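> Sequence plus the predicted model coming up.
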Amino acid sequence: MNYKISVIVATYNSGDFLNEFLDSIKSQTLGFENIEVIFVDDASTDNYTLDLLNKFNEKYSNVSVVFLEDNSGFPGTGRNKGLDLAGGEYVIFGDHDDSYVDNAFEVMYDKINGYDMLISNFNQVFDDKVVKFKSLYKNASEISVKSIDEDRNLLRIPAAIWTRLFRKEFLIENNIRFLEGMLCEDVYVATLGCLKADGIIYLNDFYSYNYKIRDVEGNKSTIHIRNRKYIEAMLDGYYEIAKMLEIQNKTSYGEEIFRQHLTSWLYTIVLSKLGSEDKKELFSKSYDIFKMYYTPDPYFKKIYNNLVSYILNKNFNLAVVEVDKLEKIQENMNNRSFLSRLKNKLRR
């Protein structure tokens, strides 16, 4: 069957979320029969996840499941495998622990006609509230360009691969694939997609996706796992993106692409509680990418100026000392935030 959209989902021990995710696909106003769902499981060890995926595979003719023999540790491998198998005219890459709004695919499918890539917006779902993400375009409802050269700010929109609908043949023809064995695989595809696309449309006022913020002990999404492995995997991804920009002769776009990411990477280290030696080694490894592409992110004001200066001067010992100071500042901010929330609850 020729499907309108293929939804590719990399999974790993995610059984607690899969029913809600698939229910959001089944309820699409585009019609579930027009949608193909491909789950690629990264060698889950949880029997509940494996049993659930097998049930989906048996119950629905338009749902297929691929079980990888070895755990890759990162979503890029599963997403690439799903892309290889996709039969839809368009493809999108969902996360196993989130969901789509009911009319997401109908709106996106109707709007993408004539474009290689469509970008939509997303809701940030916290335990106690839902916050609509506000982009730098503020009140603009829709932006469309023939080429990224017409509006480089599109590179500053969050990579959020689950909000991007691609013409499948566009990805195949341009060999646009996810990085494997590292993170920022989504930034790589989102960036290369923007650079290569013959037509991009951004639906700034259409919120297609519910992105769950999971950042508590025992329930963290990959982006919030702040150990050495994941922080270094992000850095590896940055360097692959830098190589790609050189190959595409697009290094002039680097500041737009990396402005938010490099500062967010520093923020991740501040929250990580890594040991001094790990921090020092990571700062040393990050020197080249900071030298090439770092520019201050106004969102973080000037709080990382000293830290970046130490990195760029290769004074990694002082960089570690500066992070220790920032950790204490962050702890005080978190404590004040907690007390404020507690006071608000007591007033109710």
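Received the coordinates, thanks.

> which SS state does residue 123 fall under?
Taken by DSSP: H, G, I helix; E, B strand; the rest coil, the conformation at residue 123 corresponds to strand.

> start at 31 instead
Will do, 31 is the new start, and the previous item becomes residue 153.

> residue nearest the centroid of this structure?
Compute the mean C-alpha point of the chain, and by Cα atoms, centre = their mean the closest residue is residue 190, 4.2 Å away.

> tell me the contacts of residue 316?
Taking Cβ atoms under 8 Å, 6 or more residues apart in numbering as the contact definition, residue 316 lies against 265, 295, 341. Placement of C-beta: from N, CA and C, glycine included.

> Confirm residue 196 sits in a helix?
No - Residue 196: not assigned to a helix; according to three-state DSSP it is strand.

> right, and it touches residue 220 too?
No - counting by Cβ atoms under 8 Å, residue 196 sits too far from residue 220 to count as a contact (9.9 Å).

> which among the contacts of residue 316 gets closest to residue 179?
Residue 179 has its nearest neighbour among these in residue 295, at 27.3 Å by Cβ to Cβ.

> With adjacent residues omitted, what lies nearest to that closest one?
Once flanking residues are discounted, residue 295 sits nearest to residue 264: 5.9 Å by Cβ to Cβ, 6 or more residues apart in numbering.

> what do you get for residue 280?
For residue 280, the closest residue by Cβ to Cβ, 6+ apart turns out to be residue 225, at 5.6 Å.

> And for residue 293?
Among residues not flanking residue 293 along the chain, residue 327 sits closest, at 4.1 Å (Cβ to Cβ, 6+ apart).

> Can you get me a residue count around the one you found?
Residue 327 is surrounded by 17 other residues when neighbours are defined as other Cβ atoms under 10 Å.

> ok, it - contacts?
When the contact criterion is Cβ under 8 Å, 6+ apart, the partners of residue 327 are 289, 290, 292, 293, 294.

> same check, this time on residue 325
285, 288, 289.

> can you put the residues you listed in a markdown table and add pLDDT?
Below are the contacts of residue 325 laid out as a markdown table (pLDDT from 0 to 100):
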| residue | pLDDT |
| --- | --- |
| 285 | 91 |
| 288 | 96 |
| 289 | 91 |
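
> Let's see if you can find the most crowded of those.
Counting by other Cβ under 10 Å, residue 288 has the largest number of neighbours within the contacts of residue 325, with 25 neighbours.

> looking at this, that one is in a strand?
No - using three-state DSSP, the secondary structure at residue 288 is helix, not a strand.

> Go ahead and confirm it touches residue 267.
No - here residue 288 does not reach residue 267: they are 11.3 Å apart, not a contact under Cβ under 8 Å.

> ok so residue 333 is a helix residue?
No - remark: residue 333 does not belong to a helix; assigned using three-state DSSP, it is coil.

> Look up how far residue 303 lies from it.
Using Cβ to Cβ, to the nearest Å, one gets 18 Å for the distance from residue 333 to residue 303.
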